[in-house]
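Asks: No letters, just coordinates:
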Ligand SMILES: C[C@H](O)[C@H](O)[C@H]1CNC2=NC(N)=NC(=O)C2=N1
């Protein structure tokens, strides 16, 4: 079974308690099909997307949009800005130490943000 970006963006993040099970490898695989720009990190506990912007101001403006989205969803990515225009966004669910639906919902919504 696969998951679509439309299904993910139609959802809202939900509070994750520590007892929420982290996604299995199969769940991760089927959810990654909806957000093909995102890659699973080496430890299998996060997903990461990289961007290269035309300049620093554009990079920061995009990160501000991500920040507003994260606050709305109450689910926050790790943001890395290197070399003034390279951005890496990582998502994992801190409360469970792995991936959950929330990570893929936010990833799909980030993919819809204007760059
Ligand atoms: C109470 C609040 O919703 C929780 O602390 C949220 C905040 N943002 C979060 N962001 C991420 N990435 N993982 C979490 O477990 C998380 N928990």
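Replies: On my side now, so go ahead. Note that the structure is a prediction, hence the values are computed from the model and not measured.
Asks: Can you give me the buried ones in stretch 24-41?
Replies: Using 16 or more other CB atoms under 10 Å as the test for burial, stretch 24-41 gives 27, 28, 31, 32, 34, 35, 38. For glycine as for every other residue, the C-beta is placed from the backbone atoms N, C-alpha and C.
Asks: Same question for stretch 4-22.
Replies: Residues 5, 8, 13, 16, 20, 22 are the ones in stretch 4-22 that count as buried (16+ other CB under 10 Å).
Asks: to the chain's geometric centre, what's the distance from the helix or strand containing residue 102?
Replies: Taking DSSP states H and E as the definition, one finds residue 102 inside helix 101-111. In terms of CA atoms, centre = their mean, to the nearest Å, the centre of helix 101-111 is set 5 Å apart from its chain centre.
Asks: what kind of secondary structure is residue 72 in?
Replies: When classified by DSSP: H, G, I helix; E, B strand; the rest coil, residue 72 comes out as helix.
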